[in-house]
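Q: Everything below, folded, please.
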Amino acid sequence: MRTIAISNYKGGVGKTTTAVNLASIFASQGLRVLLIDLDPQASATDYFGLYERAAAEGKTSIGLLYGGMPVSEVAYQTAEDNLWVVPSTIELVDQNELLLREQRLKFALDDAAPDFDICLIDCSPVMKSLAFNAYLAAADGGIVVIPVKLDSTVMRGTALTVEATKSIAEALRMPTPRFKILRTCVPGRMTNAESTGAQVLDRFFPESQFSTVIHASSKVCEGSWQWMPVTAFEPGSRPALDYAALAKEVLDELG
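A: Numbers count the residues shown, from 1 in each chain. Model (predicted):
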């Protein structure tokens, strides 16, 4: 199983949208996909209508990380073939991270590896042990996808995320996970500010960006109001085609 952590310490850059759309595409291609929601906001969980059920049954990423529950006990099969989700709830924000081992998620995914082909992790925009768990899970043959918007804060979350992947790997003497930057919400005609953001990325990360970019479109927002990935809501739209191209590029990157 290959693991893809989707992370940026800046919010509003399209992490959940990217996670949900990639998961849906991979599942439609016949791959067995596991999507883990590590964000207390639980947006990925809401996309699949699992929040209330998961909260009532107590089967969430909290149990996976803190309760020693295996993936098989906390993963819900969705209405989409080949796609399972480990949900999150707001209670995740109240957990004592001092009790969370950095490799807990990696070990849980190692045990579940025979059951899935790909795991996607939707990370919280917080620089804590939750993100470190995701990075270490992706260190062995996986990848960290860093979605960014080309605004004046383009380097803030990007640089923090890159440095965090390196620091946790060095601290635990683990391989540093590979990372690739994904430009999201790219307009058809960029402003001077957005062009400057693109130049900054090209200067500091010339070899670490996906060729695919995700173009801005109202279809993404319209689909989110119905908790549908844009690939299902409007499959012929420009962002849906972008995500299809990204899915291919990610698979090529994983080898």
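
Q: Poorly predicted segments of the chain, please.
A: For the chain, applying pLDDT under 70 flags the ranges 127, 187-193, 223, 225-226.

Q: so where do the helices sit in it?
A: Listed in chain order, the helices of the chain (DSSP state H) span 15-28, 43-47, 51-57, 61-66, 71-74, 104-112, 129-137, 154-172, 192-204, 218-225, 230-233, 238-254.

Q: distance between the fourth one and the chain's centre?
A: This means helix 61-66. Helix 61-66 sits 17 Å away from the centroid of its parent chain (Cα atoms, centre = their mean, to the nearest Å).

Q: And the fifth one, by the same measure?
A: How far helix 71-74 lies from its chain's middle: 19 Å, per Cα atoms, centre = their mean.

Q: What is that helix packed up against?
A: For helix 71-74, the elements it packs on are helix 61-66, helix 104-112, judged by 3 or more Cβ pairs under 8 Å, 6 or more residues apart in numbering; DSSP states H and E. Where you see a C-beta, it was placed from the backbone N, CA and C, and this is true even at glycine.

Q: of the ones you listed, which approaches Leu130 most closely?
A: Counting by Cβ to Cβ, Leu130 lies closest to helix 61-66 out of those; the figure is 7.7 Å.

Q: Quick check: which helices or strands does the closest one pack against?
A: So helix 61-66, by 3+ Cβ pairs under 8 Å, 6+ apart, packs with strand 33-38, helix 71-74, helix 104-112.

Q: What residues sit buried inside the longest one?
A: Looking back up the chat, that one is helix 104-112. Arg104, Leu105, Lys106, Ala108, Leu109, Ala112 (16 or more other Cβ atoms under 10 Å).

Q: Now do the contacts for the third one.
A: This points to Lys106. Listed by Cβ atoms under 8 Å, 6 or more residues apart in numbering, the contact set of Lys106 reads Asn133, Leu136, Ala137, Ala139, Asp140.

Q: my guess is the fourth one meets Pro177, correct?
A: To tie it back to what came earlier, the one meant is Ala139. Yes: Ala139 lies in contact with Pro177 (Cβ atoms under 8 Å); the separation is 4.2 Å.

Q: which residues do the two both contact?
A: Taking Cβ under 8 Å, 6+ apart as the criterion, Ala139 and Pro177 both touch Ala169.
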